[in-house]
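Trainee: Okay, structure incoming, though there's no sequence with it:
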C-alpha cells in the first residue's frame, strides 16, 4: 500500500476530523479511501449513462430533420431545462 501526504486548509481538516468523530470512519485514511471509492463509482456511473445515451442514439437511426431543426430543438430543450438563456 502506498502512502500519500496532502495539505488542506484548516476548515477542511476540521470537516474531515468531524466526519471521523461521528464514528463512521476509524481514521483519516478510511475517510479518504471512501471518498476515492465514491468518486470512482460516480465516474463509472457517468460513463455508463453516456454509453446508454450513445446506444439509444445509435438504435434510433438517422433523423429526418435538418441540422438547423435539430439545433433549434436542442436549444428549446435546454431553455426549458433552464440550461440556456435567450
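Mentor: Ah, there it is. If you're wondering where the values come from, they're calculated on a predicted model, not measured in any experiment.
Trainee: hey, where'd the helices end up in this protein?
Mentor: In the chain, the helices defined using DSSP state H lie at 10-21, 28-60, 67-80.
Trainee: right, so of the ones you listed, which gets closest to residue 4?
Mentor: helix 28-60 (8.0 Å; Cβ to Cβ). Any C-beta I mention is one placed from the backbone N, CA and C, and that applies to glycine too.
Trainee: what's the angle between that closest one and helix 10-21?
Mentor: Interaxial angle of helix 28-60 relative to helix 10-21 (axes from the mean of the first three to the mean of the last three Cα atoms, to 10 degrees): 90 degrees.
Trainee: What is the distance between helix 28-60 and the centre of its chain?
Mentor: 7 Å (Cα atoms, centre = their mean, to the nearest Å).
Trainee: coming back round to it: right, so of the helices of the chain, which gets closest to residue 3?
Mentor: helix 28-60 (9.3 Å).
Trainee: Can you name every helix or strand that that closest one contacts?
Mentor: When contacts are defined as 3 or more Cβ pairs under 8 Å, 6 or more residues apart in numbering; DSSP states H and E, helix 28-60 packs onto helix 10-21.
Trainee: Go through the helix it packs on and flag the buried ones.
Mentor: Buried residues in helix 10-21, defined by neighbour count with 16 or more other Cβ atoms under 10 Å: residue 19.
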